[in-house]
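J.: based on what follows, work out the 3D shape:
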Amino acid sequence: MYYTKQSALDRIWVHGGTRYLKRFFVGTAEKNLREAVLLINDKKLSFPVLFILSDDIYALDLFREMCPRNETAMRLCAYMTIPPGLPDTTRTPADAGLILMTLRWMLTTGKDWDGPYRGHDAYDAVMDYVSALLTGTYEDKTVLPDIADLIFRRNRKGLYIHDLVWSFFQTIDADALAEVAGRLKSSDRRDVELAGRLLRLDIPARPDRNNLAPLYERYNRWLDENRPYLYLTGEHFQMTNKPNHLDIDREAKYLNKSISPRFRTPDVPLTVHETACLNQYRLASEDEREILASYSQKLRTRDIRLWDDWMHRQVAEQVIAARKDMKPSDDYY
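T.: Numbering: from 1, shown residues only. Here you go, the predicted structure:
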């Protein structure tokens, strides 16, 4: 962060630390209350500084003097960290725009700080809550890179990430997978290993650019091919050590029908012919269904008329044609 983009209180915090920041703010308020209010309401202020000074703001009875952004942020913190004392305005429809702006500010300016204590402290809990609101309540996909930064930075320090990972994938967006896949190019082995866990990839015992670059390219090709057919599984770290957050609906891929990733339902209702095809498809073995789904998508991309003719055949004939036409290097998964 450049000093020209920092508030005066942020510069004091960076140079003097948390204790000096608190002493300076309280001392300023005792001498000139209006000056203290102007300092804390600076639009360039970062969320960590507001968090650090929140107890002093309450003690000095300055809460009512806070700008709308700071007031909203402090209410969110109060909702998470202290017994109910302030009214919860986080779900007030009239304030939705202000709340969304505040949440983004809290995340983007607060993601690079671990909080005042080690482990899963109150600050971490607030950041987890902020991320969950952004992705779950407001379905904001623009914050995916910021949440990914927070997840991987915490992981490098051995801190708690399970709730953040859950929020990250609640966007139900293939870009979440792409964001994680980009970490395969990291020079930090811990980033690469976590990316492998989140994407369910087998990471080489000795990961380096020579073996990770092909893995990254192959995964991105797979992701581009399967974007329309991904759905939220509901799996998370509390269930398994290697959850599959987003998976492919192979029936949708076989029919080449995009689906709602949240409800796993077709965007457009199935026709009579498509329903009949699906009933046949379900009679095939699991291995055959994987082959049929992969081949169907590839054939339709190559020649839609050939694909339409293939889809009007019996499943046994489809399997034979697929096995004959597909290359050994083609992905079935």
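
J.: where does the stretch 201-333 of the chain have low pLDDT?
T.: For the stretch 201-333 of the chain, the stretches with pLDDT under 70 are 327-333.

J.: and what about residue 187, helix, strand or coil?
T.: In three-state terms, and counting by DSSP: H, G, I helix; E, B strand; the rest coil, residue 187 is coil.

J.: what's it sitting at in phi/psi?
T.: phi -80, psi -10 (degrees, to the nearest 10).

J.: gap between it and residue 62?
T.: 45 Å (CB to CB, to the nearest Å). C-beta coordinates here come from the backbone N, C-alpha and C atoms, glycine included.

J.: what is the burial count for residue 18?
T.: 13 (other CB atoms under 10 Å).

J.: scratch that, residue 123
T.: Residue 123, neighbours per other CB under 10 Å, totals 21.

J.: check contacts around the closest residue to it other than its chain neighbours.
T.: Leaving aside its sequence neighbours, residue 123 sits nearest to residue 115 (CB to CB, 6 or more residues apart in numbering; 2.9 Å). Each residue near residue 115 by CB atoms under 8 Å, 6 or more residues apart in numbering is listed here: 121-124.

J.: for residue 116, same thing?
T.: Here residue 116 is in contact with 18, 52, 123 (CB under 8 Å, 6+ apart).

J.: again, but for residue 53
T.: 9, 21-22, 25, 40.

J.: where's it relative to residue 24, distance?
T.: Taken as CB to CB, the span from residue 53 to residue 24 is 10 Å.

J.: any residues in contact with both of the two?
T.: Common neighbours of residue 53 and residue 24 (CB under 8 Å, 6+ apart) are residue 9.

J.: before we move on, back to that, from the contacts of residue 53, keep the buried residues only.
T.: Neighbour-count burial (16 or more other CB atoms under 10 Å) is assigned, among those, to 9, 21-22, 25, 40.

J.: ok so, going back, buried among the contacts of residue 115? Need that as a selection in PyMOL.
T.: To isolate the buried members of the contacts of residue 115 in PyMOL, using 16+ other CB under 10 Å:
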select buried, resi 123+124
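
J.: tell me which two in the contacts of residue 115 are the farthest apart.
T.: 122 and 124 (7.3 Å; CB to CB).

J.: where's residue 280 relative to residue 296, distance?
T.: 12 Å.

J.: how about residue 135?
T.: 32 Å.

J.: what's the spacing between stretch 253-263 and its chain's center?
T.: Here stretch 253-263 is found 21 Å from its chain centre; the criterion is CA atoms, centre = their mean, to the nearest Å.

J.: quick one: end-to-end length of that stretch, please.
T.: End-to-end distance for stretch 253-263, by CA to CA, to the nearest Å: 16 Å.
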